[in-house]
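# sharing a sequence plus its predicted fold:
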Amino acid sequence: MDSAPSTLDLYARMNAHFGDLGWWPGETPFEVVVGAILTQNTVWTNVEKAIANLKEARVLTPERLNALDEAVLAEFIRPAGYFRVKARRLKEFLSYLQAHYDLRLEQMFRKESGQLREELLSVHGIGEETADSILLYAGNRPVFVVDAYTRRILKRHEWIDGSESYGAVRDTVSCFLPKDVSLFKQYHALFVQTGKVFCRKAEPRCEGCPVAGLGSRRSVRKGEAGRA
DNA sequence: GACCAGGCACATC
DNA sequence: GATGTGCATGGT
């Protein structure tokens, strides 16, 4: 009998501790997409300032952002850091959205998940995490988002060794989970919240961490790996 | 003042 | 394929 903890046990621990986190903050799917790009390697509070600037200027729509000069856009999003890089990335996404879907996000989300993921990954500035964040939180697709906190927590508690690819980590967590959009949203949010509170890089205080004491999953990973 | 944050692309080996 | 680097603001 296998007594190793499952990814549902892991979810249950964190969920019991934090409750429903209600991710992702964003009033529209487009705002979620913009937030997904702006939050790259950046704390959310800084992203909020940038999004507030865009809202105040009334340019947070695909049409208006697409029409906006890149240098002007960069100034609006300055608080989010890497503002020149991110202005370029937003413009790259908008060029793609215009070329393929006439700037209509709802058209984009009619695409099948796998195909859409490949398309998003072909956009300069959109990597795996950003693509999956867009699919999950803006497109309501049941894909699991792996981020730095996910990796750090799983590594610290020896569920992974840290060298795994993005896809391998994603499958380790999600291959036995029901394909439930709300579950995937909450699971990712729980990883981030747990990471912020208990698994900071410089301050590894795991005391009270809902994941601590659950045990390692590494011994059974090989058995799971074949499936995904 | 150092370190870190809800990445990604690119250069180099 | 693995590793290092640039991009930049704002909180701790």
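Nice, thanks for sending it over. Numbers count the residues shown, from 1 in each chain, chains lettered A, B, ... in the order given.
# skip the chain neighbours and tell me the closest residue to the residue nearest the centre of chain A.
Central residue check for chain A by CA atoms, centre = their mean: the C-alpha nearest the mean position is that of A:Ser133, 3.8 Å away. Spatial nearest neighbour of A:Ser133, chain neighbours left out: A:Ala36 (4.3 Å); criterion: CB to CB, 6 or more residues apart in numbering. (C-beta placed from N, C-alpha, C; glycine too.)
# quick revisit: roughly how far apart are the residue nearest to the centre of chain A and A:Ser6?
24 Å (CB to CB, to the nearest Å).
# near DNA strand B, which residues of chain A?
A:23-25, A:35-36, A:39-44, A:46, A:81-82, A:85, A:123-131, A:133, A:137, A:147-149, A:152, A:192, A:195-196, A:200-202 (CB under 7 Å from any atom of the strand).
# the same query, at a cut-off of 6 Å, please.
Contact residues (CB under 6 Å from any atom of the strand) of chain A with DNA strand B: A:23-24, A:39-44, A:81-82, A:85, A:124-130, A:133, A:147-149, A:192, A:196, A:200-202.
# quick one: which of these sit in helices?
Those of these mapping onto helices are A:Trp44, A:Val85, A:Glu128, A:Glu129, A:Thr130, A:Ser133, A:Ala148, A:Tyr149, A:Val192, A:Lys196, per DSSP state H.
# which parts of stretch A:143-162 are buried?
A:143-147, A:149-157, A:159-160 (16 or more other CB atoms under 10 Å).
# stretch A:11-27 too?
A:Tyr11, A:Arg13, A:Met14, A:Asn15, A:His17, A:Leu21, A:Trp23, A:Trp24, A:Gly26.
# now the third one, what are its backbone angles?
Its backbone dihedrals place A:Met14 at phi -70, psi -40, with angles given as degrees, to the nearest 10.
# list the contacts of it.
Applying CB atoms under 8 Å, 6 or more residues apart in numbering to A:Met14 gives the contacts A:Leu190, A:Phe191, A:Gln193, A:Thr194, A:Pro210, A:Val211.
# what do you get if the cut-off is 6 Å, keeping everything else the same?
A:Leu190, A:Thr194, A:Pro210 (CB atoms under 6 Å, 6 or more residues apart in numbering).
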